[in-house]
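In: Any chance you could fold what I've pasted below:
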Amino acid sequence: MAAELEGGWDAVVACRPVSEAVKIVEAGWVAGSIDRTGLISILPPILIKRKVLAAILSFQSEDSWIDPVESVMAGGGKVRVSSWGASASTGAAC
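Out: Here you go, the predicted model:
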């Protein structure tokens with residue numbers, strides 16, 4: 001997985017496809033479903049280049065909580081979904 005950081009990516013994440021039902025709620029009522037095609041859950045490990053992580057942390061207060069993947073993307077960084085754990089039959093990530 002770490003080798004994938006050499007491809008110009010700022011971070012690499014492991015993932016799994018979303019399998020849970022995802023619903024739209026309006027005024028307290030289930031109003032519909034969301035197509036899960038292309039949705040993933042991010043799993044550890046999350047690998048971030050040190051210089052990118054240092055830049056992210058320099059803008060955060062010491063007691064703040066951050067979403068590291070969202071922070072990389074918000075700073076214009078590129079996040080790769082790892083082929084590590086790809087399906088042997090399809091080659092698809094996750």
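
In: and the biggest strand by length in the chain, average pLDDT?
Out: What stands out as the longest strand in the chain, according to DSSP state E, is strand 40-48. For strand 40-48, mean pLDDT is 89.

In: So which bits of that strand are buried?
Out: 46, 47, 48 (16 or more other Cβ atoms under 10 Å). C-beta: built from backbone N, CA, C; applies to glycine.

In: Which strands or helices does the helix or strand just after it pack on?
Out: Later in the chain than strand 40-48, the nearest helix or strand by DSSP states H and E is helix 50-58. Secondary-structure packing of helix 50-58 (3 or more Cβ pairs under 8 Å, 6 or more residues apart in numbering; DSSP states H and E): helix 68-74.

In: Render the CA-only coordinates of stretch 38-51 in CSV, please.
Out: C-alpha atoms of stretch 38-51 as CSV (Å, rounded to 0.1, in the frame of the first residue of the first chain):
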residue,chain,number,x,y,z
GLY,A,38,-19.5,3.6,-6.0
LEU,A,39,-19.9,4.2,-2.3
ILE,A,40,-17.1,3.0,0.0
SER,A,41,-16.3,3.0,3.7
ILE,A,42,-12.8,4.1,4.5
LEU,A,43,-10.9,1.7,6.7
PRO,A,44,-7.5,1.9,8.4
PRO,A,45,-4.7,2.1,7.5
ILE,A,46,-4.8,5.6,6.1
LEU,A,47,-1.4,6.5,4.7
ILE,A,48,-0.7,10.3,4.3
LYS,A,49,2.6,11.7,3.1
ARG,A,50,4.4,13.4,6.1
LYS,A,51,4.7,16.8,4.4
